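Chemist: Using only what follows, build the 3D model:
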Amino acid sequence: MESAVIITVRYSTGTHVARARGHKVTASCTESARRAAERLAEKLGHNPDLVQLEDSDSTTHTFSLPEAPDA
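Modeler: Model (predicted):
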């Protein structure tokens, strides 16, 4: 069974910044936390439609997506 990529999105100074555990790539978006996570998924070679919200509070959102890139 494959593990999921965990994406953490934090809101800071008007921008949502997404980072994935174990990856150096980041993505940001002023629109929404979900869109920042989707942009990061795209940079990692994944289908952004597979991003799923796992947890959320006022400044941090946690998303997941399947480990295998969408070919």
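Chemist: how about low-confidence regions in the protein?
Modeler: 1-2, 68-71 (pLDDT under 70).
Chemist: mind running it again at 80?
Modeler: Along the chain, segments meeting pLDDT under 80 span 1-3, 67-71.
Chemist: Show me where it has its strands.
Modeler: For the chain, the strands defined by DSSP state E occupy 4-12, 15-20, 26-29, 52-56, 60-66.
Chemist: how far away is the closest residue to residue 25 other than its chain neighbours from residue 58?
Modeler: Of all residues beyond its chain neighbours, the one nearest residue 25 is residue 43 (5.0 Å), with distances taken as C-beta to C-beta, 6 or more residues apart in numbering. The way it works is simple: take the backbone N, C-alpha and C, and place the C-beta from them, glycine included. For residue 43, the distance to residue 58 equals 26 Å [C-beta to C-beta, to the nearest Å].
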